[in-house]
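> Have a look at this fold, sequence not included:
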Ligand code: DHB
Ligand code: FE
């Protein structure tokens, strides 16, 4: 049977992707950010899954105000890299796992989560920056398959934290009912505190971010009850991306506190706080 072995959480700041692509990772400004992922790249090589179920959000590249689906499951064979206005990132196309994705879609829909199914989905920095951080750069081919799950965190109404957490639980059930022996990781991306526009642009809240990390590890059920307004007030308008981390956390074994394999937090990265966790299942 397929099983979830670990979850990974990371910010997906587009400037981090630009720093990688322009070979600036060892510059004084960027080095402290990338140092936080050195452990992760080694861990990843030793713990390479067959498939990563990657929870991210599109930033008006695949979708726009003309179509605002809440949860979109990528069932394609391959996902092209989106051109976000300055050319595609120089990274390989993303390979999907249509059989597992379709199984998960069927299970979720039968369980009351009415997913949108995408057989075509250009993927933007929300998905590719976490992959570059964890897998490294200058790859000819990504080392495993990816099932993208897009969550609308851009245009209200966005789903509640509780709904995201419940979706994570249903994703676990779906993956665990797949008949083939596959090692699956689930990643939650976006955040941490950042606000890109208006009078509060540049807002960073280290204390709130770190409390979020503490609660995500120790009491995610309680954390999932946090209302949207608290994310926006405390972590800025784009801090709401953190609800995607609740999906990944909900897909872990909730009977046991996970092993905290790695924890990292750094400010600044462009106009954002960068947060990162690797949590492994404790059996
Ligand atoms: C920026 C964009 C993002 O999607 C994000 O999560 C953080 C920062 C940006 O444009 O700087
Ligand atoms: Fe984002």
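Arrived safely, thanks for sending. All of these numbers come straight from a predicted model, not from anything done at the bench. Residues are numbered from 1 along each chain as shown. Ligands and ions are numbered 1, 2, ... in the order given.
> quick one: the helices in the stretch 101-250 of the chain?
For the stretch 101-250 of the chain, the helices defined by DSSP state H, counting those that start in this stretch cover 125-135, 161-176, 206-218, 220-223, 228-235, 243-250.
> Quick one: closest of those to ligand 1.
Taking C-beta to the nearest ligand atom as the measure, those were each checked against ligand 1, and helix 125-135 came out nearest at 6.2 Å. The C-beta positions use only the backbone N, C-alpha and C, and glycine is treated the same way.
> State the mean pLDDT of that closest one.
Across helix 125-135, pLDDT averages out at 98.
> Begin at 58, not 1, for the rest of this chat.
All set: I'll call the first residue 58, so the last point we hit is now helix 182-192.
> Can you name every helix or strand that that helix contacts?
strand 60-67, helix 71-78, helix 95-103, strand 108-113, strand 151-152, strand 202-208, strand 240-246 (3 or more C-beta pairs under 8 Å, 6 or more residues apart in numbering; DSSP states H and E).
> Just want the angle from the third one to strand 240-246.
When you say that, I think you mean helix 95-103. Compare the direction of helix 95-103 with that of strand 240-246 by axes from the mean of the first three to the mean of the last three C-alpha atoms, to 10 degrees and you get 150 degrees.
> What helices and strands are in contact with helix 95-103?
helix 182-192, strand 316-326, strand 329-337.
> Adding distance to residue 289 and mean neighbour count, write those out as TSV.
Formatted as TSV, those follow (distance: least, C-beta to C-beta, whole Å; neighbours: other C-beta atoms under 10 Å):
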stretch	distance to residue 289	mean neighbour count
helix 182-192	19	25
strand 316-326	19	16
strand 329-337	15	24
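> Turn those into JSON lines, including distance to residue 273.
What follows is the helices and strands packed on helix 95-103, written out as JSON lines (distance: least, C-beta to C-beta, whole Å):
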{"stretch": "helix 182-192", "distance to residue 273": "16"}
{"stretch": "strand 316-326", "distance to residue 273": "10"}
{"stretch": "strand 329-337", "distance to residue 273": "7"}
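> contacting residues for residue 217?
When the contact criterion is C-beta atoms under 8 Å, 6 or more residues apart in numbering, the partners of residue 217 are 284-285, 300.
> residues contacting the one residue sitting closest to the centre of the chain?
Closest to where the C-alpha atoms of the chain average out (C-alpha atoms, centre = their mean) is residue 246, at 2.4 Å. Residues touching residue 246, when contacts are defined by C-beta under 8 Å, 6+ apart, comprise 66-69, 111-114, 183-184, 186-187, 298, 301-302.
> can you tell me which of the residues you listed are up against ligand 1?
69, 298 (C-beta under 6 Å from any ligand atom).
> Good, wrapping up.
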